[in-house]
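J.: only geometry, no sequence info:
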């Protein structure tokens, strides 16, 4: 049986292996789910490759313990009170929610990529690496596997990978040039990545949407529609991956007072309901917030998808800016004024998403066409 994708035909049994970062990070899990979902919608069987740094015996043990604890946490109020008083136990609950999300939404290979890559290679027709910062030169776990070096060039496709930086350090340019030049199909998530690839291998590549934006708002609402957690009527949700400076904290407190918003900090151990949140709960908090303060790319994405007002803070790591992917997103959606915005601006809660919604709809079509074409060109 064949499916028409554009002007091409694809066998229904086509199987694609997804190679991405696997971690207990909201954006990471949600982009993984989104890419898997899009491939399934194209009638392609997708499977995410297990990685050795995540699927360890220690992590597997924590997942087992966590699944048992989560059951009691959800159904026995006294257990919930006890767990909420312990940071360690709360972190295990959070871990178990990620495990639960993975089990429900993301099919994985039975074996670990780094240990059985030849077996996995034989079972997949193509491999897609991305999205997320799979090519970040400062991540210690990034290896040749993230460039699909274990398979032939004809099976290598990148979808929206991010370098996470504006330029590559000289120490990695040689190997990055070799790896990237061997791809059948290349795309990136940001303009900075497009420039890097042009500079090192001379190829013009398309900038495509992060997988999370390939799904509509209604699709994401289906993911979090069964979340039942108490939330204030009006609140400011703070999700920062970088360290919170005194200046930023002062800004956030000022915003809370100005707009009469309760401030909810993600990862705050003083608020167990938030601290133990999994990917679905993370969506729920953004969906219902009055205002979001963040330095996260994916938190910004979901603010735009859900049309929630937001402010983006700067973030750096080891002296390198980590805002390139957010800047690209804000330029695309004509929302650049949301970066480093003045907190005394009286229009902070008045954010127009009309243009953003339109451009994302158009780019979504182009991005899915890129996937379809990459899987059909031989």
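T.: In hand now; what should we look at? On a predicted model such as this, the values are computed, not experimentally measured, just so you know. Residues are numbered from 1 along each chain as shown.

J.: now the helices for the stretch 251-378 of the chain?
T.: Using DSSP state H, counting those that start in this stretch, the helices of the stretch 251-378 of the chain run over residues 272-275, 279-288, 297-305, 324-332, 354-374.

J.: where does pLDDT dip in this structure?
T.: Residues of the chain meeting the criterion pLDDT under 70: 1-13, 71-72, 75-76, 78-86, 316-322, 343-346, 378.

J.: how does it look with 80?
T.: Judged by pLDDT under 80, the chain has its weakly predicted residues at 1-13, 57-90, 268-273, 315-325, 340-347, 377-378.

J.: got the domain ranges for it?
T.: 2-56+105-213+361-374, 225-358 (automatic domain parsing).

J.: out of the ones you listed, which is closest to residue 97?
T.: Evaluated over the domains of the chain, closeness to residue 97 peaks at domain 225-358, with 2.7 Å, by CB to CB. C-betas here are computed from N, CA, C, even on glycine.

J.: gap between that closest one and the chain center?
T.: Relative to its chain's centre, domain 225-358 lies at 15 Å (CA atoms, centre = their mean, to the nearest Å).

J.: end-to-end on it?
T.: 25 Å (CA to CA, to the nearest Å).

J.: same question for stretch 41-59.
T.: Distance across stretch 41-59, first residue to last, is 31 Å (CA to CA).

J.: before we move on, back to that, okay if I get the domains of the chain as CSV plus mean neighbour count and distance to residue 74?
T.: Below are the domains of the chain laid out as CSV (neighbours: other CB atoms under 10 Å; distance: least, CB to CB, whole Å):
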stretch, mean neighbour count, distance to residue 74
domain 2-56+105-213+361-374, 18, 18
domain 225-358, 18, 10
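
J.: of all those domains, which lies closest to residue 88?
T.: Evaluated with CB to CB, the domains of the chain place domain 225-358 nearest to residue 88, the distance being 10.3 Å.

J.: count of residues packed around the closest residue to residue 37 other than its chain neighbours?
T.: Leaving aside its sequence neighbours, residue 37 sits nearest to residue 215 (CB to CB, 6 or more residues apart in numbering; 6.3 Å). Number of residues near residue 215 (other CB atoms under 10 Å) recorded here: 20.

J.: hmm, residue 215 is touching residue 39, no?
T.: No - the pair residue 215 and residue 39 does not pass the contact test of CB atoms under 8 Å, sitting 12.0 Å apart.

J.: about what we covered before: tabulate the domains of the chain (JSON lines), appending distance to residue 88.
T.: Output for the domains of the chain, formatted as JSON lines (distance: least, CB to CB, whole Å):
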{"stretch": "domain 2-56+105-213+361-374", "distance to residue 88": "15"}
{"stretch": "domain 225-358", "distance to residue 88": "10"}
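
J.: among these, which is nearest residue 87?
T.: Minimum separation from residue 87 across those (CB to CB) falls at domain 225-358, 5.1 Å.

J.: Throw the helices of the stretch 251-378 of the chain into TSV and include distance to residue 22, thanks.
T.: Shown next, in TSV, are these (distance: least, CB to CB, whole Å):
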stretch	distance to residue 22
helix 272-275	21
helix 279-288	13
helix 297-305	15
helix 324-332	19
helix 354-374	21
